[in-house]
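Peer 1: quick one, fold the following:
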Amino acid sequence: MIQIIVKSIFLIQLLYVFSAINVQNLESSTNVLQDQIVSSETILGVWNFTMSNAESAYEKGVLFISKNEVTYDVAIKYPEGIYTCQDVVIDIDRINFNVNIAGLERVSFVLMVEGDRIIGESYSNAGSSQILGIRQLPVR
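Peer 2: Numbering: from 1, shown residues only. So this is what the prediction gives:
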């Protein structure tokens with residue numbers, strides 16, 4: 001009889017330990033997911049940027065990053081017009097996308113957000129350019 005009681009107590013303790021571990025894992029997973037959601041939201045906004053090694057018409061621009069229900073939209077405004085970007089991929093604080101300039105030249109962007117700064121590079125047949133931008137904050 002004592003052996004049954006000891007085994008029962010052991011099993012209860014074992015179940016308690018596993019349930020505590022599962023709760024901690026669930027809380028950790030939830031925190032990681034919330035951090036990713038918050039982090040990926042920090043990439044949204046309006047960004048003023050400059051590009052090195054670019055034609056004068058493309059040296060400065062404004063990057064618009066927004067989110068629909070499931071997808072992200074990116075547009076670039078240059079003095080000559082606004083371009084809609086394709087193949088948008090956002091991973092926490094990184095964003096990659098492509099844009100067709102003048103309908104012919106495909107340019108790929110690889111950017112990373114650090115607070116209110118965005119940095120990265122663009123790549124095209126003409127070469128690569130360094131990109132540096134700052135978040136355009138709302139006027140108060």
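Peer 1: so residue 129 versus residue 91, what's the distance?
Peer 2: As for residue 129, its distance to residue 91 is 22 Å (criterion: C-beta to C-beta, to the nearest Å). Glycine gets a C-beta too; all of them are placed from N, C-alpha and C.
Peer 1: repeat that for residue 123.
Peer 2: 18 Å.
Peer 1: same thing with residue 45?
Peer 2: Distance of residue 45 to residue 91, computed by C-beta to C-beta: 17 Å.
Peer 1: higher neighbour count, the two?
Peer 2: Neighbour totals were compared for residue 45 and residue 91, and residue 45 leads with 17 against 12 (other C-beta atoms under 10 Å).
Peer 1: spatially nearest residue to that one (excluding sequence neighbours)?
Peer 2: Leaving out its chain neighbours, the residue that sits closest to residue 45 by C-beta to C-beta, 6 or more residues apart in numbering is residue 135, at 5.4 Å.
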